[in-house]
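In: Below: sequence and its predicted model.
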Amino acid sequence: MTTSQIAFLKGHGTENDFVIVPDPENALDLPASVVARLCDRRAGIGGDGLLHVVRSAAHPEAKAMAEDAEWFMDYRNSDGSVAEMCGNGVRVFARYLERAGLVEPGDLAVATRGGVKKVHLAKNGDVTVSMGRALLPADGVTVTVGGRAWDARNVNMGNPHAVAFVDDLAHAGDLLTEPSFAPAAVYPEGVNIEFVVDRGPRHVAMRVHERGSGETRSCGTGACAVAVAAARRDQADPARTGEPVTYTVDLPGGSLAITEHPDSGIDMTGPAVIVAEGMIDPAWLETPNE
């Protein structure tokens, strides 16, 4: 690492929270072990992941995107592993850039390992991210919890989702363990499972079991998958109607607005909040875990 102090911020998007480390010139060494320590909720700062803020031109994985996006979101999971993208993370990343005076409200582009993402910073504080298009594989599964079973829609947002519409979110159980699904061959690498209830016209609420993590407070790709599944159920496919459709999706950590356009592009809009900033003690980082 380094013997000098390291600046950090803490932010969240619908309670999906992140440690933010500004490092424009990519001068910091952030191995997985350090990221995991920073994200530790008891012995560190705490977060679902880490947003390493780097100029695209300064990072070998982002140089090719530098002409299209000045800033690269070098995203890390809380265990230190590298990830392609995080929808909630992009909103918080953009909010940091605005707070730091590096961008103005309006449209901007953010480079990620999943490609360049278009972002809009609204004056009311909301941030919109273009999430790409959903794929709808024909094979679905049956999800089972506590003796109840539901047919689930297969939606892929770059990661796999199984969306089940239920009568009561409590029917999802505690979600401490992964709900069973069959046939298992549909999702050989596991799946994020969403349980959804209706709240009103174009308004649903959900809980999600994210593969490898259990129940989480918010899942941006999951909210997009739920909105797409709801639109198909409601016969409101924008590609057929020629009109965009927007669903409000309530998650445990807050609400997101998901809009699907006639060209199948999906926008996710929601809050992004910076809650604190400070300095990381280099002596603590240099001290091995006990």
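Out: Cool, got the structure. Numbers count the residues shown, from 1 in each chain.

In: L28 touches I6, doesn't it?
Out: Yes. If you go by Cβ atoms under 8 Å, L28 and I6 touch, sitting 6.8 Å apart. (C-beta placed from N, C-alpha, C; glycine too.)

In: So which of these two has more stuff around it?
Out: I6 (19 against 14; other Cβ atoms under 10 Å).

In: my guess is the more buried one meets P282, correct?
Out: Yes. Using Cβ under 8 Å, I6 is in contact with P282, at 6.8 Å.

In: anything in contact with each of L28 and I6?
Out: Common neighbours of L28 and I6, using Cβ atoms under 8 Å, 6 or more residues apart in numbering, are V21.

In: Now do stretch 128-143: distance to the chain's middle.
Out: Using Cα atoms, centre = their mean, to the nearest Å, the distance from the centre of stretch 128-143 to the centre of the chain it belongs to is 15 Å.

In: likewise stretch 193-203?
Out: Centroid separation for stretch 193-203 versus its chain: 19 Å, with Cα atoms, centre = their mean.

In: What of stretch 31-41?
Out: Taking Cα atoms, centre = their mean, one finds stretch 31-41 lying 19 Å from the centre of the chain it belongs to.

In: Use 29 as the first number from now on
Out: Renumbered: residue one is now 29, and that last one reads stretch 59-69.

In: Can you list the buried residues in it?
Out: Neighbour counts using 16 or more other Cβ atoms under 10 Å place 62-67 of stretch 59-69 among the buried residues.

In: Same check on stretch 264-282?
Out: Counting neighbours by 16+ other Cβ under 10 Å, one finds that the buried residues in stretch 264-282 are 264-266, 273-282.

In: Could you identify the helix or strand that succeeds the host helix or strand of Y275?
Out: Under the criterion of DSSP states H and E, Y275 resides in strand 273-279. Under the assignment DSSP H and E, the closest C-terminal helix or strand after strand 273-279 is strand 282-288.

In: List of residues touching that next one?
Out: 42-43, 162, 246, 248, 251-252, 254-256, 259, 266, 272-277, 294-299.

In: how about a cut-off of 6 Å?
Out: Strand 282-288 has contacts (Cβ atoms under 6 Å, 6 or more residues apart in numbering) with 42, 251-252, 255, 266, 272-277, 294-298.
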